[in-house]
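Enquirer: the following block contains a protein sequence and its predicted model.
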Number of protein chains: 2
Amino acid sequence: MNKPGREIKNLLYEQVARIGKAVSSPKRLELIEILCQGEKTVEELAAAAEISVKLASAHLKELKAARLVEARREGKNVAYRLVDTQVADLWVMLRALAEERLLELQAAMRELVSRPEELYAVGGKQLLAQAKRGEVLVLDVRPADEYEAAHLPYARSIPLAELKSRLDEIPTGKPVVAYCRGPFCLMAREAVDLLTRRGRRAVRMEVGVAEWRSQGLPLATGE
Amino acid sequence: MNKPGREIKNLLYEQVARIGKAVSSPKRLELIEILCQGEKTVEELAAAAEISVKLASAHLKELKAARLVEARREGKNVAYRLVDTQVADLWVMLRALAEERLLELQAAMRELVSRPEELYAVGGKQLLAQAKRGEVLVLDVRPADEYEAAHLPYARSIPLAELKSRLDEIPTGKPVVAYCRGPFCLMAREAVDLLTRRGRRAVRMEVGVAEWRSQGLPLATGE
DNA sequence: CGATTAATCTAATGATTGTTAGAATAATCG
DNA sequence: CGATTATTCTAACAATCATTAGATTAATCG
């Protein structure tokens, strides 16, 4: 009853579905987003995603089976990373697709941006030019190791945890554009709240390094 | 114990995971690929994917819930289509990702291309130029309605089913480049087999209209 | 070497899924 | 109108999945 070629076709679609399966779990997506910022150990991943180490390990195993991440032992720890930036592009694409289509997600996003004027609206290239001319201070509030792995050009690193104690490094005159891990991350929002309370002109930018890179814009690495 | 913002974060990732879920089933992926060729009824989709109408309907319901497809009643039939070309881009991306990483898929693909010289190797822009100058005959072997919905520029439509009886339309001198629904489709392969047996110089091209469009290349519509 | 830390494997659970069959809608045709 | 065709809904099954706890492996440190 089956046409010839059906078995091989089934096999082909099944293989692609393995990738789909890997990105069908919220926790796995969160792990991918964290790994977009750079290499992380299982412990760090579990802490960032607020799940147990066991569960993180199980999810990472699946991501590894789908060849989206790879593991590397470093002493006592096992460090995971994305196999390449195409995986980050997939995450960006899935998020954009969901954001455009799913009303529930749009509603939740609106809660993350209480006042719309808090969001930095200009495009990547324009920001780059403004930052180069020193018209704005681009602030990376992620942990220092993520800044070192990759960050926006001209961005200054002050991790959120240190921001309060390093406030004197932020000039009061210049407008500040803060960014973090991406649209779903709350760190830049908190930073902007703190900065505006302390008399700075600060806005949040939604993009993270993954979104920035998938737009074809350049990134910097190191200190 | 939970940090503030955890609930909303869970909600956000869950919404994106709905898209992932939708593309985690081989049958749903096959339906998406078929819908990349144009609008289809449930019956047509079920026949093309070689599944029951009931099962097709159930899968389409899930795709609709994830807002990847939309339905439109047309008389007795319900016609489904992709909500927009971004969904086709997602399919192309997933397939490319799987093909690069999963060895099982690479092995299966090799069976589809028994002799490597059967594959047309030049890029899209170059093919376009060759076709424009009339150096090659670009042959679309998909059903006529899919050709009408969208096809490669300068392509000639001869559905696989009619190819045998319309062989006289294919010149013996000019090289033929046949394409169908994409890398997983067997129609172009069959066409090339038939044509070479009948003394034509024919090769298969892996891309379909979805791959072509996601590369930013132009398509034509209508007769 | 034994103790400690980090991560994985195994087994068990309750929940979800894919698939099928049968009943129910929705539009058309005579 | 009743009969037909196309599709969806409901209920049910076995199969698969996510998650947790307990045992196990791998590397380091004293």
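Expert: On my side now, so go ahead.

Enquirer: helix, strand or coil for the residue at minimal distance from the centre of chain A?
Expert: Among the residues of chain A, the one closest to the centroid is residue A:181, at 3.5 Å (Cα atoms, centre = their mean). Under the three-state scheme (DSSP: H, G, I helix; E, B strand; the rest coil), residue A:181 adopts coil.

Enquirer: pretty sure it sits against residue A:187.
Expert: Yes - taking Cβ atoms under 8 Å as the contact criterion, residue A:181 and residue A:187 are neighbours in contact, 6.9 Å apart. All C-beta atoms are positioned from the backbone trio N, CA, C, and that covers glycine.

Enquirer: got any residues that touch both of those two?
Expert: Counting by Cβ atoms under 8 Å, 6 or more residues apart in numbering or on different chains, the common neighbours of residue A:181 and residue A:187 are residue A:142.

Enquirer: low-confidence bits of chain A, can you list those?
Expert: Along chain A, the parts satisfying pLDDT under 70 run over A:1-4, A:114-117.

Enquirer: in it, which spans are strands?
Expert: Remark: strands assigned in chain A by DSSP state E are A:40-41, A:69-74, A:77-82, A:137-140, A:156-157, A:176-179, A:202-204.

Enquirer: may I have the strands that pair with the first one, each with its orientation?
Expert: Meaning strand A:40-41. Under the criterion DSSP bridges, strand A:40-41 sits next to strand A:77-82 (antiparallel) in its sheet.

Enquirer: does the strand it pairs with reach DNA strand D?
Expert: No - using Cβ under 7 Å from any atom of the strand, strand A:77-82 stays clear of DNA strand D, coming no nearer than 8.7 Å.

Enquirer: show me which residues of that strand are buried.
Expert: Within strand A:77-82, the residues scored as buried using 16 or more other Cβ atoms under 10 Å in any protein chain shown are A:79-82.

Enquirer: for residue A:220, give me its contacts.
Expert: So residue A:220 contacts A:150-155 (Cβ under 8 Å, 6+ apart).

Enquirer: just the buried residues of those.
Expert: So, by 16+ other Cβ under 10 Å, the buried ones in the contacts of residue A:220 are A:150-152, A:154-155.

Enquirer: now the residues you listed as a markdown table including distance to chain B?
Expert: Listed next are these as a markdown table, based on distance: Cβ to the nearest Cβ, whole Å:
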| residue | distance to chain B |
| --- | --- |
| A:150 | 21 |
| A:151 | 23 |
| A:152 | 22 |
| A:154 | 29 |
| A:155 | 23 |
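
Enquirer: from these, pick the one nearest residue B:175.
Expert: Comparing the buried ones among the contacts of residue A:220 against residue B:175 with Cβ to Cβ places residue A:150 closest, at 46.1 Å.

Enquirer: what are the ranges of the helices in chain A?
Expert: Along chain A, counting by DSSP state H, helices occupy A:6-22, A:26-35, A:42-49, A:53-65, A:85-101, A:103-112, A:124-132, A:144-149, A:160-163, A:187-197, A:209-214.

Enquirer: out of these, which is closest to residue B:68?
Expert: helix A:85-101 (7.8 Å).

Enquirer: so which elements touch the closest one?
Expert: Using 3 or more Cβ pairs under 8 Å, 6 or more residues apart in numbering or on different chains; DSSP states H and E as the contact criterion, the neighbours of helix A:85-101 among helices and strands are helix A:26-35, helix A:103-112, helix A:209-214, helix B:6-22, helix B:85-101.

Enquirer: got the ones you listed as a markdown table, with distance to DNA strand D and mean neighbour count columns?
Expert: Supplementary listing: the helices and strands packed on helix A:85-101 in a markdown table, determined by distance: least, Cβ to the nearest atom of the strand, whole Å; neighbours: other Cβ atoms under 10 Å in any protein chain shown:
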| stretch | distance to DNA strand D | mean neighbour count |
| --- | --- | --- |
| helix A:26-35 | 5 | 23 |
| helix A:103-112 | 18 | 15 |
| helix A:209-214 | 22 | 23 |
| helix B:6-22 | 9 | 20 |
| helix B:85-101 | 16 | 20 |
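
Enquirer: nearest to DNA strand C, of the ones you listed?
Expert: When these are ranked by distance to DNA strand C, counting by Cβ to the nearest atom of the strand, first place goes to helix B:6-22 at 6.1 Å.
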